[in-house]
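In: Predicted model and sequence below, questions to follow.
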Amino acid sequence: MTTMTTTTTPQQTVLEARGVTMRFGGLTAVRNVDLTVSTGEIVGLIGPNGAGKTTFFNCLTGLYHPTEGTVAYKGTTLPPKPHLVTKAGMARTFQNIRLFANMTVLENVLVGRHTRTKEGLWSALLRGPGFRKAEAASEERAMELLKFTGLDHKRDHLARSLPYGEQRKLEIARALASEPGLLLLDEPTAGMNPQETRATEELVFAIRDKGIAVLVIEHDMRFIFNLCDRVAVLVQGEKLVEGTSDVVQGDERVVAAYLGTPFEGAPEDTALAEVQAAESHAAEDGTAGTAEAAEEGDAAQGDDDK
Ligand SMILES: Nc1ncnc2c1ncn2[C@@H]1O[C@H](COP(=O)(O)OP(=O)(O)OP(=O)(O)O)[C@@H](O)[C@H]1O
């Protein structure tokens, strides 16, 4: 047996979700999901529509109180309260953009800094005197983030006047304003054209290079497989597969889950194998061509065409 020597940089676990389950009445949207994200990692969370991805994000970020399970950030279990989760170091964007539409680009980022200033959210939104004082100190950092996301030239534009792709970038800038160690992105390229998607890919790599771990939900598979060090696949609330992009792309269960087609070992497959075995047995016995065999053969052909 050969011994393999690996050189790995020590990684810190940033996020550790254990046995997360979320039930809505009789519906279990997320079932017993474990997931870890470490420093320096970009992890993807994929799955068909309704698989439970956003519900899982909501459990991680305190919007939902999971029915079972725990969520820890850098070894400390988080209370299910969004502002405390953000304060601890986890920030997120939303599937449906949630900006302050009538505030400027700069103001949106400044509001995102409220967990890192002494002023609270209401003071930031109402722009009280305390906030104005803190604002002066925060502005430099906010401008750095606008530059980083390529929005510095739009600082005084109202958020609602930005094109869609820039609104998504602004959401990311605002999330970064809370100085997170982990950024959760919910469908960051939804509605983007291919150029904007590529730019977002570059932006996520740059965020990772700044030492911020990233967990991203996305339906654009090219984006996910280009970007992620590891991908977890949720299907009907359960984690079906987790691995590198290559492992996930090569897993027939994932393809089957997306296409709704049977895979090797699936019950439909066993039935098909039984039909084929019966057919060849009939052919050996010289009974091929009977009505029964023809019917079974048609059924098998029908399955193949699906
Ligand atoms: N607040 C809620 N109350 C009841 N059911 C909910 C709630 N939120 C989500 N669900 C249900 O939980 C399941 C998972 O939904 P979720 O939005 O998490 O899936 P998703 O994987 O994010 O889907 P998509 O890719 O379409 O965004 C769905 O059946 C959904 O209808």
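Out: Looks like it came in fine.
In: Please count neighbours and contacts with C-alpha atoms only from this point.
Out: Noted.
In: Which residue lies nearest the spatial centre of the chain?
Out: Ile217 (2.1 Å; Cα atoms, centre = their mean).
In: Summarise which helices and strands the helix or strand that contains Glu107 is packed against.
Out: When elements are assigned from DSSP states H and E, Glu107 belongs to helix 105-112. Helix 105-112 sits against helix 121-126, helix 129-148, helix 164-176, with contacts defined as 3 or more Cα pairs under 8 Å, 6 or more residues apart in numbering; DSSP states H and E.
In: And the helices in the chain?
Out: Here the chain has its helices, by DSSP state H, at 53-60, 82-88, 105-112, 121-126, 129-148, 164-176, 194-209, 221-227, 245-249, 252-259, 267-285, 291-305.
In: Close to the ligand: what parts of the protein are there?
Out: Within the chain, the positions adjacent to the ligand are 24, 29, 48-55 by Cα under 6 Å from any ligand atom.
In: Domains in the protein, by residue range?
Out: 11-89+180-261, 100-178, 267-305 (automatic domain parsing).
In: got a markdown table for those, with mean pLDDT too?
Out: Listed next are the domains of the chain as a markdown table, based on pLDDT from 0 to 100:
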| stretch | mean pLDDT |
| --- | --- |
| domain 11-89+180-261 | 93 |
| domain 100-178 | 84 |
| domain 267-305 | 45 |
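In: Just confirm Leu63 contacts His83, I think it does.
Out: No - with contact defined as Cα atoms under 8 Å, Leu63 does not reach His83; the gap is 9.5 Å.
In: between the two, what contacts are shared?
Out: With Cα atoms under 8 Å, 6 or more residues apart in numbering applied, the contact sets of Leu63 and His83 do not overlap.
In: picking that back up, turn the residues of the chain next to the ligand into JSON lines, including distance to Pro194 and neighbour count.
Out: Shown next, in JSON lines, are those (distance: Cα to Cα, whole Å; neighbours: other Cα atoms under 10 Å):
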{"residue": "Phe24", "distance to Pro194": "36", "neighbour count": "9"}
{"residue": "Ala29", "distance to Pro194": "31", "neighbour count": "21"}
{"residue": "Pro48", "distance to Pro194": "21", "neighbour count": "17"}
{"residue": "Asn49", "distance to Pro194": "22", "neighbour count": "12"}
{"residue": "Gly50", "distance to Pro194": "25", "neighbour count": "13"}
{"residue": "Ala51", "distance to Pro194": "25", "neighbour count": "19"}
{"residue": "Gly52", "distance to Pro194": "26", "neighbour count": "23"}
{"residue": "Lys53", "distance to Pro194": "23", "neighbour count": "26"}
{"residue": "Thr54", "distance to Pro194": "24", "neighbour count": "18"}
{"residue": "Thr55", "distance to Pro194": "27", "neighbour count": "20"}
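In: Now the phi/psi pair for Phe100, please.
Out: With angles defined as degrees, to the nearest 10, Phe100 sits at phi -90, psi 100.
In: Please disregard the earlier target; I meant Met103.
Out: According to degrees, to the nearest 10, Met103 has phi -100, psi 160.
In: Near it, how many other residues are there?
Out: Applying other Cα atoms under 10 Å, we find 17 residues neighbouring Met103.
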